[in-house]
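Participant: I'll drop the sequence and a predicted model, then ask my questions.
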Amino acid sequence: MEQKKRRELKALVSELKEIRGRHTELVTIYVPAGFNLAKSMEQIKQEQSTAQNIKSKSVRKNVLTALEKIIQHLKLYKKTPDNGLAIFCGNVSDKEGVADIELWSIEPPEPVKTKLYRCDQIFMLEPLSEMFREKEIYGLVVLDKSEASIGLLMGKKIEMIKHMDSIVPGKTKKGGWSQARYARIREGLLHDFLKSVGAIATSKFKEVKDMKGVIVGGPGPIKEEFAEGDFLGYEIKSKILGVVNTAYSGEYGLRETVEKSYELISQASVAREEKILSRFFDELGKDSGLAVYGFHETTEELQEGSVEILLLSEGFDWIKAAFECSSCSYTEEKILPRSMTSEQKCPKCGNMMGVKEEKDMTDEIIKKAEEMGTHVEIISTDTQKGEQLKELGGIGGILRFKA
Ligand SMILES: [Zn+2]
C-alpha cells in the first residue's frame, strides 16, 4: 500500500476513533469488494424499517436521517468500487437535542472482506485499522520432530515459504539396536534436522528487509529447543518475540501461531517505537547534536547522509505544490504542510493562490533515505511520545555523527 493512501486511511481512522455518539446512533456500513451494490441498498432500506421501532424520538430521527444520507451517498455509485466501501454516518453533535449528521466514506486501499451493518455509540473501525498493519513483516517457524514450516506474516497475510519433512524416527525402538544407541541416533537426526531448519530460516529471513520479529510455534517441546539453541543465525535469533504452543504443525500450525501471536506482536511494535523515540528525545534533551527535527533541518541532514534513523510520523503530511494566483496568474512552487495550502497569498497582488498541482513529499523522502542507507521508522501517533514527534513537525532524525 503506498504511503499516501496508508496515511489517509490512518488519518480517517484516528478522526473517527474519537467520536462518541450521545446515543446508539452511529451507523457503520462495510460493503465488501465484489458485493452487489443494489443488494446493499436493499439491506439498508430494511434497516430503515427496523429503525422505525426505536423508542426515543430523537434517536429514531437521527438514525433514519443517517440511513437516508447513506442511501443518497450510495446512489452516487454505479457499482461497488473495486475494493469495496466503508461508510460512517451519524449524529456527531455534542449538544443534546441538536442534530449534526455527518457522513464519511472511503474506498479503502485494500479489498474490504467484512460485510457489516452496525448501529452503535462508536464507529466500527477494526477492518480499516487492520489494513495499515500491512507493512509489518514477521518471520514464522512452526515445527515438531516430524516437520517444519517456515513462513512470513505480512500484515494479515500468511505466506508459507518452505516446508520440510524430517527423517527423525518415532520414539519406539525398532530393529535390533540397543535402546541407548537408538536414542543417540534419533537425537543426532533431530539435531541435524533443527540445524537445517535454522539455516534455511536464517537465509530466507535475511532476505526480508526490516523484518520486525520472529515467532516460533509448534505442538511439542522441540520448538523451545529450537528457539533456545544455536540453530538460527544470531541476528535472526535476537528477533524472536516469543514461542507459542499450537495443536498442529504444517500450514494449520502457521495459522495457529499467527492467531496466538497478535498480543506479542502489538507489544513488540509499541516497545520498539518507544525505544527509538526515547533515544531521540534523550539526544534532544542532552542537546548532543545527535538529533534533529523539523522538515528543513531533517531533510538537510538526510541529504548529507548523516541520518542513521529517520523518524516519520503517521501525522506527517507535507507536499510539494505548484500555486497559481487566480487574478494575476503568478505561479510559484512551495514545499509545505498540506494544512497550509489554503492560506497562500500571491506575493505580487495579495490575492489568494490556488493549488494547480501537488505531490506528496513522503515517498520522495523515503526514497532519499533508501539512497542514503538511512533506516526509516514510521511512528504512530498512538503514544504520548509519538504525539510529541507529530507536534515537532512530524519528522526528525537520529544522526550517525554530530552535525
Ligand atoms: Zn497575484
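Facilitator: Cool, got the structure. Values in this document were obtained by computation on a predicted structure and should not be read as measured data. Residues are numbered from 1 along each chain as shown.

Participant: can you list the residues of this protein near the ion?
Facilitator: Taking C-beta under 5 Å from the ion as the contact definition, the chain meets the ion at Cys325, Cys328, Tyr330, Cys346, Lys348, Cys349, Asn351. C-beta here means a position set from N, CA and C on the backbone, and glycine is covered the same way.

Participant: Next, the closest residue to Arg272 other than its chain neighbours: phi, psi?
Facilitator: Once flanking residues are discounted, Arg272 sits nearest to Lys212: 7.4 Å by C-beta to C-beta, 6 or more residues apart in numbering. The phi/psi pair for Lys212 (degrees, to the nearest 10) reads phi -80, psi -20.

Participant: tally of neighbours for Lys212?
Facilitator: Close neighbours of Lys212, defined as other C-beta atoms under 10 Å, add up to 17.

Participant: how much space between it and Gln267?
Facilitator: Applying C-beta to C-beta, to the nearest Å, the value for Lys212 to Gln267 is 12 Å.

Participant: repeat for Ile54
Facilitator: To Gln267, Ile54 is 41 Å away according to C-beta to C-beta.

Participant: out of the two, which sits in the more crowded spot?
Facilitator: Ile54 (18 against 12).

Participant: does the more buried one sit in a helix, a strand or a coil?
Facilitator: coil (DSSP: H, G, I helix; E, B strand; the rest coil).

Participant: Spatially, which residue comes closest to it, not counting chain neighbours?
Facilitator: Excluding the flanking residues, the one nearest Ile54 by C-beta to C-beta, 6+ apart is Arg60, at 3.9 Å.

Participant: What is the subsequent helix or strand relative to the helix of greatest length in the chain?
Facilitator: The residue-count maximum for a helix in the chain (DSSP state H) belongs to helix 179-206. As assigned by DSSP states H and E, the chain's next helix or strand after helix 179-206 is strand 213-218.

Participant: Adjacent strands (with direction) for that following strand?
Facilitator: If you go by DSSP bridges, strand 213-218 pairs up with strand 137-143 (parallel), strand 240-245 (parallel).

Participant: For the shortest one, buried residues please.
Facilitator: Neighbour-count burial for strand 240-245 flags Ile240, Leu241, Gly242, Val243, Val244 (criterion: 16 or more other C-beta atoms under 10 Å).

Participant: can you tell me how far the first one sits from Ile158?
Facilitator: When you say that, I think you mean Ile240. Distance from Ile240 to Ile158, by C-beta to C-beta: 18 Å.

Participant: burial measure for the closest residue to Leu290 other than its chain neighbours, as a count.
Facilitator: Nearest residue to Leu290, sequence neighbours excluded (C-beta to C-beta, 6+ apart): Glu283, at 4.4 Å. As a burial measure, Glu283 scores 18 neighbours (other C-beta under 10 Å).

Participant: Just to be sure, Glu283 is in a helix?
Facilitator: Yes. Glu283 forms part of a helix when assessed by three-state DSSP.

Participant: Can you give me every residue that contacts it?
Facilitator: Leu290, Ala291, Ile398 (C-beta atoms under 8 Å, 6 or more residues apart in numbering).

Participant: The residues you listed, buried ones only, as a ChimeraX selection?
Facilitator: Remark: buried members of the contacts of Glu283, expressed as a ChimeraX selection using 16+ other C-beta under 10 Å:
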select :290,291,398
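
Participant: Leu277: neighbouring residues, count only.
Facilitator: Count around Leu277 with other C-beta under 10 Å applied: 21.

Participant: swap in Lys367?
Facilitator: That count, for Lys367 with other C-beta under 10 Å as the rule, works out to 10.

Participant: any idea how far Val258 is from Gln121?
Facilitator: For Gln121, the distance to Val258 - C-beta to C-beta - is 31 Å.

Participant: Turn the strands paired with strand 213-218 into TSV, columns for mean pLDDT.
Facilitator: As requested, those are exported to TSV (pLDDT from 0 to 100):
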stretch	mean pLDDT
strand 137-143	94
strand 240-245	94
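
Participant: quick one: which of those strands is nearest Gln384?
Facilitator: The minimum distance between Gln384 and those falls on strand 240-245, with 23.5 Å, by C-beta to C-beta.

Participant: Tell me the helix or strand right after the closest one.
Facilitator: The first helix or strand that comes after strand 240-245 along the chain, using DSSP H and E, is helix 250-259.

Participant: roughly how far out does that next one sit from the chain middle?
Facilitator: Averaged C-alpha coordinates place helix 250-259 at 21 Å from its chain's average position (C-alpha atoms, centre = their mean, to the nearest Å).

Participant: elements contacting that helix?
Facilitator: When contacts are defined as 3 or more C-beta pairs under 8 Å, 6 or more residues apart in numbering; DSSP states H and E, helix 250-259 sits against strand 137-143, strand 147-154, strand 157-165, strand 213-218.

Participant: most tightly surrounded among these?
Facilitator: Most buried of the helices and strands packed on helix 250-259 by mean neighbour count (mean count of other C-beta atoms under 10 Å) is strand 137-143; its value is a mean of 27.

Participant: Output that strand as CSV, restricted to C-alpha atoms.
Facilitator: The C-alpha coordinates for strand 137-143 follow below in CSV (Å, rounded to 0.1, in the frame of the first residue of the first chain):
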residue,chain,number,x,y,z
ILE,A,137,6.6,-8.4,8.2
TYR,A,138,7.3,-11.2,10.8
GLY,A,139,9.1,-14.5,10.3
LEU,A,140,7.4,-17.7,11.4
VAL,A,141,8.9,-21.1,12.2
VAL,A,142,6.5,-23.9,13.2
LEU,A,143,7.9,-27.2,13.9
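
Participant: If anything else comes up later, I'll come back, but that's it for now.
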